[in-house]
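Asker: the amino acid sequence is not available; the structure is as follows:
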């Protein structure tokens, strides 16, 4: 018999395994009155349960990374706020004292009272909060019962890598335990793609389908199933060819990933002996670790915008710690830190300069740093202080003129002198580089290069500005053409200027992470590429198998008009070169 | 004790994110912090309390702070509301 159940896939992953049904046993919630002298001990029980709950959520908060991690963290933050809420905790303690009842009972009464209050408010928004409240109360009840914060106790096997869990719904605590036990996949009967468990599944990278109605009614314990997150389908089938199909698909994905990883340790040299270097783009601490694990030559682009995402601007100390941590993780490998590349919308209103009519062409990138020099000084001081921990470089975004470089260098010099007078040690040779991402910078690149220690080409912005195309605009996105001769011309000029002035040129835009486009870049003379760690294996394979000479020839012919006619065809012929 | 009248000017009013910021800010101070809207009075250190105010954009609130660090607390909270919780518009 074949059975297909459908719901909504929250990630595109595939999982194959056997069903484990998870039906929540009801917690027994005792209700009794207390003697007067037992009241304080009961209140202490509540406090301790809340403290343990806080610790659990804090732990969970640290574990959540990956795609969707921010939303997941925000959600956990909401639970932490509720767990500290006087309306929940203090009011429960008051009930224990005033009504002389035990903790569980008082908590039930108080949460029912709060839910009744919420119900009176006719607002979808509040309905969502109710789910948060219920889950938080449940967490405290489990802590009070001294049960693990999750549903998943000893009845569930410890290794779940061939198990697909089917449950009515799953709370954050369950998700944490399931993740630890390396669960293959998850199916819930309730919930939508934005329910808490779905958000967490994305953050924890677990294949999951939500909203599969009656799944528990039709699936038996131990039954083999296939979860296809892409189609939101759960297949329970004895059909061997179907099983083989998915097994192969899963195997191919896994194998492909392991295969590609083998290339990471090979010497970085094309088939015809051209040496290249691969760098990672990293922002969060775990991304630096990933870069190290993937054997990069360094971090070619450390974005710093995330440090500025909070309510308040980060102080020098916070930034210093982030940069130092990055350098320590990279353990002697160079890290290129790009100064804040944001628009004035990132400023708190107290400092706001207002937003111009066209933010893309407005006060952003280095322009903002030079307009609000306090902001820039703090960042530079933090980088200079970290510079004794390892090789570090400063990268200036959104350059258009030589004056901007001079201005930035003056400020950097001032910060260095300030620190020296404060008796703080810095690396005297902090290299200063610039992003080549505006047409002005690319056209005047020879002059800019004379003032810079290195250059990085930001292909995303360069393409948008040169072609005058906003990729997000679907009416014109068809014109977005990375291999447009105008783009290639500008990259080529930048590479030439780098050679002439003997400074390094790295490409750090999206093109550098694309296994086809890197051959195009190779053909333009680029030999330093910086990309998200996930792209490293495929890019490395593509470059190892390429012939630099051949790529140069194809690109040259294309630019002369004597070769392939379209960018698309050029990319095709660049890839065909493999077997030559 | 300090009382101050305030008006919500951010587009979404006291929605989840704004309420969280308000509660987190209020919780940094030792002073007791209360918010009143019409006849309803809630503890501003309580996320659920603040949400129950269901205050939309344009709502008028009274902030009441009592404790050793009341001045700082009023500044911080009034500032947060006046800056529209750091929202874009």
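Answerer: Now that the structure is in, tell me what you want to look at. Remember, it's a predicted structure, so these values are computed and weren't measured experimentally.

Asker: distance from the longest helix belonging to chain A to the middle of the chain?
Answerer: What stands out as the longest helix in chain A, according to DSSP state H, is helix A:39-63. Centroid separation between helix A:39-63 and its chain, computed with CA atoms, centre = their mean, to the nearest Å, is 29 Å.

Asker: what lies in contact with it?
Answerer: A:34, A:73, A:76-77, A:79-80, A:83-84, A:89, A:92-93, A:96-97, A:100, A:102-103, A:106-107, A:136, A:139-140, A:143-144, A:149, A:172-173, A:176, A:179, A:204 (CB atoms under 8 Å, 6 or more residues apart in numbering or on different chains). No exception for glycine: its C-beta is placed from N, CA and C like everyone else's.

Asker: mind listing which of these are in helices?
Answerer: Per DSSP H, the subset of the contacts of helix A:39-63 in helices is A:73, A:76-77, A:79-80, A:83, A:89, A:92-93, A:96-97, A:103, A:106-107, A:136, A:139-140, A:143-144, A:172-173, A:176, A:179, A:204.

Asker: for chain B, tell me which of those residues show up nearby.
Answerer: Here is what survives when these are matched to chain B using CB under 8 Å from any CB of the partner chain: residue A:77.

Asker: buried ones from the ones in helices among the contacts of helix A:39-63, can you make that a ChimeraX selection?
Answerer: The command below creates a ChimeraX selection of those among the ones in helices among the contacts of helix A:39-63 that count as buried (16 or more other CB atoms under 10 Å in any protein chain shown):
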select /A:73,76,79,80,83,89,92,93,96,97,103,106,107,136,139,140,143,144,172,173,176,179,204
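
Asker: just to revisit the earlier point, list the buried ones in the longest helix of chain A?
Answerer: Applying 16+ other CB under 10 Å to helix A:39-63 flags A:39, A:42-43, A:45-46, A:49-50, A:52-54, A:56-57, A:60-61, A:63 as buried.

Asker: would you map the helices across chain B?
Answerer: B:16-27, B:47-52, B:70-82.

Asker: show me what the first one is packed up against.
Answerer: What it means is helix B:16-27. helix A:69-83, helix A:124-144, helix B:47-52, helix B:70-82 (3 or more CB pairs under 8 Å, 6 or more residues apart in numbering or on different chains; DSSP states H and E).

Asker: most tightly surrounded among the ones you listed?
Answerer: helix B:47-52 (a mean of 24; mean count of other CB atoms under 10 Å in any protein chain shown).

Asker: that one and chain A, are they touching?
Answerer: Yes - if you take CB under 8 Å from any CB as the test, helix B:47-52 does meet chain A, through B:47, B:48, B:49, B:51, B:52.

Asker: pLDDT and distance to residue B:23 added to those residues, as TSV?
Answerer: Formatted as TSV, the residues of helix B:47-52 next to chain A follow (pLDDT from 0 to 100; distance: CB to CB, whole Å):
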residue	pLDDT	distance to residue B:23
B:47	88	5
B:48	86	9
B:49	87	9
B:51	83	9
B:52	82	12
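
Asker: contacting residues around residue A:567?
Answerer: Taking CB under 8 Å, 6+ apart, one finds A:481, A:482, A:483, A:484 in contact with residue A:567.

Asker: what's the most distant pair in those residues?
Answerer: Of all pairs drawn from these, the widest gap by CB to CB lies between A:482 and A:484 and measures 7.0 Å.

Asker: how close does the closest residue in space to residue A:395 that isn't next to it in sequence get to residue A:278?
Answerer: Closest residue to residue A:395 apart from its sequence neighbours, by CB to CB, 6 or more residues apart in numbering or on different chains: residue A:338 at 4.2 Å. Distance of residue A:338 to residue A:278, given as CB to CB, to the nearest Å: 18 Å.

Asker: near chain A, which residues of chain B?
Answerer: By the criterion of CB under 8 Å from any CB, the positions of chain B lying close to chain A are B:15-16, B:20-21, B:23-24, B:27, B:43, B:45-49, B:51-52, B:54, B:79, B:83-84, B:86, B:88.

Asker: try 10 Å this time
Answerer: Applying CB under 10 Å from any CB of the partner chain, we find that chain B lies next to chain A at B:12, B:15-17, B:19-21, B:23-25, B:27, B:42-43, B:45-54, B:79-80, B:82-89.

Asker: could I have the buried ones of those residues as ChimeraX selection syntax?
Answerer: Restricted to buried positions by 16+ other CB under 10 Å, the ChimeraX selection for those reads:
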select /B:15,16,19,20,21,23,24,25,42,43,45,46,47,48,49,50,51,52,53,54,80,83,84,85,86
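
Asker: how about the helices and strands packed on helix B:16-27, which one is nearest residue A:396?
Answerer: Using CB to CB, those put helix A:69-83 closest to residue A:396, at 27.2 Å.

Asker: what mean pLDDT does the closest one get?
Answerer: Regarding helix A:69-83, the rounded mean pLDDT is 77.

Asker: hang on, the earlier thing: so can I have CSV of the helices of chain B showing distance to residue A:397?
Answerer: Below are these laid out as CSV (distance: least, CB to CB, whole Å):
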stretch, distance to residue A:397
helix B:16-27, 28
helix B:47-52, 38
helix B:70-82, 30
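
Asker: avg pLDDT for the helix or strand where residue A:456 lies?
Answerer: Here residue A:456 sits within strand A:454-457, counting by DSSP states H and E. The average pLDDT for strand A:454-457 rounds to 98.

Asker: any idea how far residue A:167 is from chain B?
Answerer: Distance of residue A:167 to chain B, given as CB to the nearest CB, to the nearest Å: 26 Å.

Asker: list the contacts of that residue.
Answerer: The neighbours of residue A:167, taking CB atoms under 10 Å, 6 or more residues apart in numbering or on different chains as the test, are A:20-24, A:151-152, A:174, A:178, A:186-190, A:197, A:215-216.

Asker: give me the pLDDT value at it.
Answerer: pLDDT, read off for residue A:167, is 90.

Asker: what do you get for residue A:141?
Answerer: 87.

Asker: likewise for residue A:310?
Answerer: 59.

Asker: circling back to that earlier point, of the residues of helix B:47-52 next to chain A, which is the nearest to residue A:515?
Answerer: residue B:47 (47.2 Å).
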